[in-house]
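Visitor: Turn this into a structure:
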Amino acid sequence: MYTQDTICAVATAQGGAIGIIRVSGPEAITVADRIFSPASQDGLPLSGRKPYTLTFGTIRDAGGEVVDEVLVSLFRAPHSYTGEDSVEISCHGSSYILQQVMQLLIRNGCRAAGPGEFTQRAFLNGKMDLSQAEAVADLIASSSAATHRLAMNQMKGGFSKELAALREKLLHLTSLMELELDFSDHEELEFADRSELKAIAAQIEQVIGGLVRSFSTGNAIKNGIPVAIIGETNAGKSTLLNALLNEERAIVSDIHGTTRDVIEDTMNIGGVTFRFIDTAGIRETSDTIESLGIERSFQKLEQADIVLWVIDRSAPHPDFSRLAGQILPRCAGKHLIVVWNKADLSGTDATVSLKEMFPQAETISISAKAKTGIRELQDMLLRAADIPEITQSNVIVTNVRHYEALSKALEAIHRVQESMDMGLSGDLVSQDLRECLFHLAEIVGGEITTDEVLGNIFKHFCIGK
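Guide: Alright, predicted model coming up:
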């Protein structure tokens, strides 16, 4: 539940030269005045100063000893991040100083804030809707240009505006259906033609369907495009992972079966995050642990969007057909890139035969050890990802909660269309229209959001946000 108390929290990570403590609530300015002494000659306390000002001064403990020299930013309700009276204290980044200031604030009437409580108050005070609040967490976690742009657009209300336009169309359609229902006994009244209503429903279905379909792209952008690195033992899969990441992430050895478990790591290539999955080498083995690793390799292969099949060009492949029979069926619907590795070693160049064997796949010859061909492979990965150019005007769904609500709204509008095609009564159509509205309202908050749902969303935020 939202309580009208005053909260405080450190808003910056440890180890920085400067630390910031946020204070928000009805007593924020009063509490700050109790521990802060301005250095200016006018002697005005914070309560007597204008908002959006910075005041230099000192924080003193109960005994009058100076804890630190600080800058205090002043914000008055409702023109602050939370919509409440707020101050931000910028001090030196020492963990001791930050702890001392926090203790002074708590002793003088503040409460330590919970995770995401400042943003939760911003939502509850109408400063942003729920989708914008969630975008704050996405912005903090953004690891690429694409995730940053999508989070900024959502935080600035781009997604909310799209939903508001949908809501207006749904309300218009619902009002026409309700009018037809309320005055169905008046034969002399002329209602909207069902073909007109069907056209409106089709427009709504097209927009919601587009948002639902965008989630596959949004999820890949947010969480990284999964790329499985597979192949026989000693093909150079771990060496390739290290070359792609430009660090020694995986153990490299001439001993077959060195990688027995899945190794995952992410890398930003051209503004797109890729999640590379180095898997255990595929071979016949009696080793129980290695067999479990190989089984997990196949599981990760099925979860990947892009598959890098690494083949050692310097070694013979007597079991190649068997290996292809294990791998190729699992690559259906995925982007397969055949990586002909160890190009720096002598061997039979089977690049041409590979292209004949895998006409649907791209092939490339590289040396992971010498790091030749890695740039070209990265370019292939970018093309395979096929991520559209992202700007801050793009509306792409990245949140699982939003996707689930939109999917339910899409099902409801499909039922509306089916009911109108079948000529069913307006009360049945209206019921599904109201359900569609309900699921859209779930995304932005609306009047249907429960304390339990809010608690689950904001508990994933960091303290101080």
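Visitor: In the sheet, which strands lie alongside the top strand by length along the chain, parallel or antiparallel?
Guide: Residue-count comparison of every strand in the chain, with assignments taken from DSSP state E, identifies strand 66-75 as the longest. When pairs are called by DSSP bridges, strand 66-75 turns out to pair with strand 53-60 (antiparallel), strand 86-92 (antiparallel).
Visitor: ok now the first one, how far from the chain's centre?
Guide: Put simply, strand 53-60 sits 37 Å off its chain's centre (C-alpha atoms, centre = their mean, to the nearest Å).
Visitor: where does the stretch 51-200 of the chain dip in pLDDT?
Guide: Applying pLDDT under 70 to the stretch 51-200 of the chain flags the ranges 180-193.
Visitor: quick one on the thing from earlier: turn the strands paired with strand 66-75 into TSV, including distance to residue 66 and mean neighbour count.
Guide: Heads up, the C-betas are built off the backbone N, CA and C, glycines and all. Shown next, in TSV, are the strands paired with strand 66-75 (distance: least, C-beta to C-beta, whole Å; neighbours: other C-beta atoms under 10 Å):
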stretch	distance to residue 66	mean neighbour count
strand 53-60	5	15
strand 86-92	11	22
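Visitor: Looking at those strands, which is nearest to residue 121?
Guide: Closest of the strands paired with strand 66-75 to residue 121 is strand 86-92, at 9.6 Å (criterion: C-beta to C-beta).
Visitor: Output the closest one in CSV, but only the C-alpha positions, please.
Guide: Presented in CSV, the C-alpha positions along strand 86-92 are these (Å, rounded to 0.1, in the frame of the first residue of the first chain):
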residue,chain,number,x,y,z
SER,A,86,11.8,16.0,-3.0
VAL,A,87,15.5,16.8,-2.3
GLU,A,88,18.6,15.2,-3.7
ILE,A,89,21.8,15.4,-1.7
SER,A,90,25.0,15.2,-3.7
CYS,A,91,27.9,14.4,-1.4
HIS,A,92,31.3,12.7,-1.7
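Visitor: sorry, back to before: make a markdown table from the strands paired with strand 66-75 and add distance to residue 392 to it.
Guide: What follows is the strands paired with strand 66-75, written out as a markdown table (distance: least, C-beta to C-beta, whole Å):
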| stretch | distance to residue 392 |
| --- | --- |
| strand 53-60 | 29 |
| strand 86-92 | 26 |
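Visitor: which one of the ones you listed lies closest to residue 278?
Guide: Nearest of those (C-beta to C-beta): strand 86-92, 43.2 Å.
Visitor: Can you give the contact residues for the closest one?
Guide: Applying C-beta atoms under 8 Å, 6 or more residues apart in numbering, the contact partners of strand 86-92 are 11, 17-24, 28-29, 32, 36, 46, 59, 68-75, 77, 80, 97-98, 101.
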